[in-house]
Structure formats: C-alpha cells, structure tokens
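Colleague: Just a sequence and a predicted model for now, questions to come.
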Amino acid sequence: MPDLSTTYLGLRLKNPLVASPGPYCKDVANILRLEDAGVSAVVLHSLFEEQINLESNELDRYLSEHTESFAESLNYFPDMGEYNVGPEGYLNLIRKAKQAVDLPVIGSLNGVSTGGWIRYAREIEQAGADALELNIYYLATDASMTSQKIDQMYVDLVGHIRSSVRIPVAVKLGPYFTAIPNIASRLDQAGANGLVLFNRFYQPDFDLESLEVAPNLVLSSSAELLTRIHWVAILFGKVKADLAITGGIHTGQDIIKSMMAGARVAMTTSALLRHGIEFATVMLNGLEEWMEEHEYESIASMHGSMSARRVAEPAAFERANYMKVLSSYVMKTVRG
C-alpha cells in the first residue's frame, strides 16, 4: 500500500486531500463526516473583514466615502450578522471542531486591510486553530490605484499577521497578478508559510428580468486545474513556502497532477458539493489505485516530479508552449 502522507504548513497529514472553505465546513457534524470520508484537514469558511469591522468605525467610514458616488452602495453588503456566524460564533466553531476531530483545523480570514485582522488572527490561534489562511481579496476599481500599491498592501498585511501569531500562515491568492513569481517571492519573504493557488472569484451576473446585479455561483471543474498546476510547477523550488492547489480538484488524478506539479496538498469543495462528502473517499481510492498501478511508493516520491525545474523541457511552461499549442490545432473540414 503506498504511503499517502504529506506535510503542509508544518502539519503532518495522512494524505494530500484537504477540504477547502465551503458550506460543509460550517458545522461540526459535517466536519466529522469529512474526517470519516478521509480528508486530512479542513479549512473553515472565512471570517470576513466586514464582520470584524462592524465593531469599529472603519467600515462606516469606508461606506460613507463611497455612498457619495454610489447612492445604493450600502445595499450591496449583506447583513453580516446573518451572512455566516459572527466573530464569536466563528471562534466557538473552532473550539468545538478541535474537540470533536483529530484532523487539523485551519481558520480563514477574508479581507484586505489590517484593521481587526491582527486581533482575530490571535483569537483564532487562541481558539485552537492549527493554522491560518489569509484569503485576501481586493478589487481595484480606482484608476489611480497601481498594481505596485496593491502588491505592497498584500505584503504588508502578511507581515503584520505573521509577526502577530505563532501558528503557520498561508496566503490564498488570485490568478490576476501581473507578475505571480514576484508577488509569491515577496509574500514568502514576508513570512508566509504557504501559498494557496488560486482563489475562485465569483463574478456577479445581470438579471435581465429584474434589471439587477445578481450573485452567481458556478462550481469548478477539472478544467480549472490547468492554470493551477502551471503556476505551481513554475513556483516549485523558487519559494520556501509550501504550495497548495485549490480549484479544479475533482478526481484522484487531479490530486496526482497537483503533487507532481509541486503542491503539498490539493484542496476541494466543488467536488464534494456536487457528489456529497463521501466522494472524498472515491477520490482517495482513485489516488491510491493509480499509485499502485504505476508503482509509486509514496506521495513524496512524486512531489514536484513534473515541475519546471525537473521536466526535460522547462520551456513547456513558458511562451514556447503557447506557440506549440496554437500550431498543433488542425482545422477539420466538415463535409455535408
């Protein structure tokens, strides 16, 4: 039987499949089911900056500034008390989960400014979380805001949090940075213990009947994995931080590709929402069967084996591959 164990953020995990933030991570009963299904760790749903800032004047100031331009902007924010559990409820969930399960429980904070993050990062640590994931989300709509300033906001926030807690800190990034290796390296230097690639930003849709902007949730597919393995394969060996893939993990082979690219763990939510929590067992069985068939003794033996630094043609991850893909497509004549 192959050894599926791996390490992530200094935590020893029985396998690389981790439950990423989602509805299943909001109550202890489902976290117990996730443990029974075989996942090795859970990342709880995020505590949002807006929830934290309800206790301060910072959100009021921010909203007041923008209501001069957008008269209905206050309506864009949900009732944060009802959106999910508030700060105290979130901390209680961590405590209860840690008492109920043996697997690592990772807290999550979602936002962009320092604000109350440091306080709640410490309280998440004190509640017993094994690690903290920073889900940083900033949408620049001001034309005067430069990419350099946004990058620095990320780096500064990670540095502040990292110096405030002792538990490991991972940073969940989006794929829209101009220079991903640069921001990854800077976050690494700022103290990030892990980098999670990539966040799935949910874009609003237009409801043509009500003429309103409406939320739109689309679950991922394995096709989304390609962007993730591409960048993890490039970053592998260039940063000290552990690399994790989230988005597009639906099969045992998706987990294998993630490991070969250089990720320590593969995180999934959409597959479990689509097929149920117990599908985690199916994914792990597929992982184990493939390893046995191809005579891999351990996850460690395949880690980074298809990364840019280890493949025979590293140009496959660069512009040369872009040209090759375009030239490889052959138009087929459709005969009537």
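Modeller: Sure, I can see it.

Colleague: all helices of the stretch 201-336 of the chain, in order?
Modeller: For the stretch 201-336 of the chain, the helices defined by DSSP state H, counting those that start in this stretch cover 225-235, 252-261, 270-275, 279-293, 319-328.

Colleague: Looking at the ones you listed, which one is packed in the most?
Modeller: Of the helices of the stretch 201-336 of the chain, the one with the most neighbours on average (mean count of other CB atoms under 10 Å) is helix 252-261, at a mean of 24. Every C-beta, even on glycine, is put in place using the N, C-alpha and C of the backbone.

Colleague: And that helix, what does it pack against?
Modeller: If you count contacts as 3 or more CB pairs under 8 Å, 6 or more residues apart in numbering; DSSP states H and E, helix 252-261 packs onto helix 225-235, strand 265-268, helix 279-293.

Colleague: okay, now residue 16: neighbour count?
Modeller: Residues near residue 16, counting by other CB atoms under 10 Å, number 29.

Colleague: which stretches of the stretch 151-300 of the chain have low pLDDT?
Modeller: Scanning the stretch 151-300 of the chain for pLDDT under 70 picks out 202.

Colleague: With residue 108 as the reference, name the closest of the helices of the stretch 201-336 of the chain.
Modeller: Nearest to residue 108 among the helices of the stretch 201-336 of the chain is helix 270-275 (16.7 Å), distances taken as CB to CB.

Colleague: Report all helices and strands that that closest one contacts.
Modeller: Under the contact criterion of 3+ CB pairs under 8 Å, 6+ apart, helix 270-275 touches helix 279-293.

Colleague: Would you mind putting the helices and strands packed on helix 252-261 into TSV with distance to residue 189 alongside?
Modeller: TSV is the format used below for the helices and strands packed on helix 252-261 (distance: least, CB to CB, whole Å):
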stretch	distance to residue 189
helix 225-235	14
strand 265-268	22
helix 279-293	33
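
Colleague: Quick one: closest of these to residue 191.
Modeller: Nearest to residue 191 among the helices and strands packed on helix 252-261 is helix 225-235 (16.8 Å), distances taken as CB to CB.

Colleague: Please enumerate the helices of the stretch 51-200 of the chain.
Modeller: Assigned by DSSP H, counting those that start in this stretch, the helices in the stretch 51-200 of the chain fall at 58-67, 80-83, 87-100, 117-126, 147-162, 180-189.

Colleague: Please identify the most buried of those.
Modeller: Buried most deeply of the helices of the stretch 51-200 of the chain, by mean count of other CB under 10 Å, is helix 117-126, with a mean of 20.

Colleague: Residue 187: what's it in contact with?
Modeller: By CB atoms under 8 Å, 6 or more residues apart in numbering, the residues touching residue 187 are 154-155, 158, 171, 173, 195, 241.

Colleague: how does it look with 6 Å?
Modeller: By CB atoms under 6 Å, 6 or more residues apart in numbering, the contact set of residue 187 is 158, 171.

Colleague: Kindly report the same for the one 4 residues further on.
Modeller: Residue 191 sits next to residue 162 when contact means CB under 6 Å, 6+ apart.

Colleague: measure it to residue 286 for me?
Modeller: As judged by CB to CB, to the nearest Å, residue 191 and residue 286 stand 36 Å apart.

Colleague: same question, residue 192
Modeller: Distance, residue 192 to residue 286, using CB to CB: 31 Å.

Colleague: Likewise for residue 302?
Modeller: Plainly put, residue 302 is 15 Å away from residue 286 if you go by CB to CB.

Colleague: shaky segments in the stretch 1-150 of the chain?
Modeller: Applying pLDDT under 70 to the stretch 1-150 of the chain flags residues 49-86, 111-116.

Colleague: Strands along that one, start to end?
Modeller: If DSSP state E, counting those that start in this stretch is used as the criterion, the strands of the stretch 1-150 of the chain fall at 6-8, 11-13, 17-19, 41-43, 47-48, 105-111, 131-136.

Colleague: for these, which one sits closest to residue 235?
Modeller: strand 6-8 (15.2 Å).

Colleague: can you pull the buried residues of the closest one?
Modeller: Within strand 6-8, the residues scored as buried using 16 or more other CB atoms under 10 Å are 6, 8.
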